[in-house]
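Colleague: model the structure of this input:
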Amino acid sequence: MPPTQPTFVLVHGAFSNSFSFAPLQAELGLLGHRSVAVDLPGHGFGATFTRAYQAPQDAEGLATTPGTIKGVTLADNAAHLIGILERAKRNGPVILVSHSRGGITATAAANIRPDLIDRIVYVSAWCPVDLDVNDYYGEPEMATVDAASLGLALAGDPAELGLLRVNFRTANQDALAAFKAAFLADGTDEEFLTFLNTFQPDENLDVGTSADRARAETWGRIPKTYVRLADDTSLPPAMQDRLIREGDALTPDNPYDVRTLDGSHLKWLVAPAAAARVLGELADPAE
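Modeller: Predicted coordinates for the structure are as follows:
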C-alpha cells in the first residue's frame with residue numbers, strides 16, 4: 001500500500017462506538033481509502049451491558065449496577081486517541097474525523113499532538129472555542145434542542161453512579177419518539193431502532209473545561225474541515241455555524257473548509273455514500 005495514502009481515524013460520539021462506522025468504512029474502502037474506527041475507553045467491547053439491561057429488565061439493578069466507564073476522563077480519551085494516532089502516523093498522513101461529542105476528544109488530542117494530524121474533520125461535532133461545552137447548551141443556538149429527552153429514559157442517579165446511564169431499550173414511547181426526533185428524524189423506524197440497538201447505555205461525565213478548548217498555537221496549526229449536517233436537530237446548524245465562526249476567529253489565517261451534507265445527526269452514518277465521497281475529496285491533497 002502506498003506510504004503516502006492517508007489513514008482516516010474515526011472518533012464516535014456519545015453512547016456510541018466503533019460499530020457505528022462500519023457502513024462508512026465499507027464505502028471508504030470501496031473508494032480505495034483505509035480507515036480505523038476508534039473505541040474510546042469504556043466503549044465498544046469495553047462497555048458495560050448489565051444483565052439488568054436485558055429483557056425482562058430489572059429497573060433497580062439497571063439504576064445501581066456499576067459501570068466500567070465510571071471515572072473515565074476527557075484526558076483518558078485524548079491519551080487513548082493519541083496512542084492510535086501515533087500508530088497510524090507511522091504509515092503516512094492522518095485525517096482525524098470526529099462526530100458529535102467525539103469532537104471534544106479530537107480537539108483535546110489536537111491541542112496536545114498537532115504533529116500527528118494532517119487534517120482534522122468535524123462532522124456536526126463539538127469544537128469548543130469561546131465556551132465550555134456544557135455552557136453552549138444555554139445559548140440561543142441550542143434553544144430548539146430537547147435537552148431533557150435523555151432524561152425520559154435516564155437510569156439511576158449520575159452523581160451516585162459516576163456516569164450517565166440511559167435505557168435505550170426502554171418501552172417508553174415518548175422517549176423513543178424524542179430519540180428519533182433528535183437523532184434520526186429522516187430515517188425509517190427500522191433504521192432508527194437498528195441504530196438505537198448499537199448504542200451503549202453508559203457515557204462518561206467529563207466533557208472538559210476551558211483548558212480543553214481549541215488552542216490557536218496547536219490545534220490552530222492543523223488544516224481543518226467542518227462538515228455541516230443541514231437537518232441536524234441534536235446539534236443544530238445554527239450552533240454548527242457558530243462553532244465554525246469561533247474557530248475561524250481564533251485562527252483567521254487557517255479557516256475551516258466548510259462542506260454541507262443533507263440529513264440528520266445520524267443519517268450520514270446510515271446512508272454514508274455522500275459522506276464517503278466528501279472525505280475522499282479531502283484525502284486527495286494528502287496523497
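
Colleague: how about L74, what does it touch?
Modeller: When contacts are counted by CB atoms under 8 Å, 6 or more residues apart in numbering, L74 is found next to 104-105, 108, 206-208, 212. Where you see a C-beta, it was placed from the backbone N, CA and C, and this is true even at glycine.

Colleague: now do it, the pLDDT please.
Modeller: Looking at L74, its pLDDT reads 98.

Colleague: can you give me the strands for the stretch 51-200 of the chain?
Modeller: Using DSSP state E, counting those that start in this stretch, the strands of the stretch 51-200 of the chain run over 94-100, 119-125, 164-165.

Colleague: find the nearest non-adjacent residue to P128, please.
Modeller: Excluding the flanking residues, the one nearest P128 by CB to CB, 6 or more residues apart in numbering is R213, at 4.6 Å.

Colleague: show me what the helix or strand of the chain with the lowest mean pLDDT is packed against.
Modeller: Confidence across the helices and strands of the chain bottoms out at helix 273-286, with a mean of 90, counting by mean pLDDT, DSSP states H and E. Applying 3 or more CB pairs under 8 Å, 6 or more residues apart in numbering; DSSP states H and E, one finds that helix 273-286 contacts helix 22-30, strand 94-100, strand 119-125, strand 224-229, strand 257-261, helix 267-270.

Colleague: now with 10 Å, please.
Modeller: Packing partners of helix 273-286 (3 or more CB pairs under 10 Å, 6 or more residues apart in numbering; DSSP states H and E): strand 7-11, helix 22-30, strand 34-38, strand 94-100, strand 119-125, strand 224-229, strand 257-261, helix 267-270.

Colleague: need the contact list for D118.
Modeller: Applying CB atoms under 10 Å, 6 or more residues apart in numbering, one finds that D118 lies in contact with 6-7, 89, 92-96, 222-223, 282-283, 285-286.

Colleague: return the member of those residues nearest to F179.
Modeller: Closest approach to F179 among the contacts of D118 (CB to CB): L96, at 27.8 Å.

Colleague: burial count for A230?
Modeller: Neighbour count for A230, taken as other CB atoms under 10 Å: 12.

Colleague: check A108 too.
Modeller: For A108, the neighbour count with other CB under 10 Å is 24.

Colleague: which ones are touching V129?
Modeller: Contact criterion CB under 10 Å, 6+ apart gives 107, 136, 213-216, 219-220, 242-251 as the residues in contact with V129.

Colleague: make that A79, sorry
Modeller: So A79 contacts 41, 73, 105, 108-109, 112 (CB under 10 Å, 6+ apart).

Colleague: how about the strands of the stretch 51-200 of the chain, which one is nearest N77?
Modeller: With CB to CB as the measure, strand 94-100 is the member of the strands of the stretch 51-200 of the chain nearest N77 (10.9 Å).

Colleague: how about low-confidence regions in the stretch 151-287 of the chain?
Modeller: Along the stretch 151-287 of the chain, segments meeting pLDDT under 70 span 285-287.

Colleague: the nearest residue to V36 once chain neighbours are set aside pairs with what?
Modeller: With CB to CB, 6+ apart as the criterion, V36 has its nearest non-adjacent residue at 5.6 Å, and that residue is V9. Beta-bridge partners recorded for V9 (DSSP bridges): V36, L96.

Colleague: pLDDT value on V9, please?
Modeller: The predicted local confidence for V9 is 98.

Colleague: returning to what we had before: show me which of the contacts of V129 are buried.
Modeller: Listed as buried from the contacts of V129 are 107, 136, 213-215, 219-220, 242-244, 246-248, 250-251; burial here means 16 or more other CB atoms under 10 Å.

Colleague: ok, so of the contacts of L74, who is nearest H33?
Modeller: When the contacts of L74 are compared against H33 (criterion: CB to CB), the nearest one is T105, at 21.9 Å.

Colleague: leaving out sequence neighbours, find the closest residue to the closest one.
Modeller: Excluding the flanking residues, the one nearest T105 by CB to CB, 6+ apart is N77, at 4.3 Å.

Colleague: swap in I69?
Modeller: Leaving aside its chain neighbours, I69 sits nearest to G42 (3.1 Å; criterion: CB to CB, 6+ apart).

Colleague: can I assume that neighbour is in contact with S16?
Modeller: No: contact between G42 and S16 fails when scored by CB atoms under 10 Å: they sit 11.8 Å apart.

Colleague: overlap in contacts, these two.
Modeller: Common neighbours of G42 and S16 (CB under 10 Å, 6+ apart) are 200, 203.
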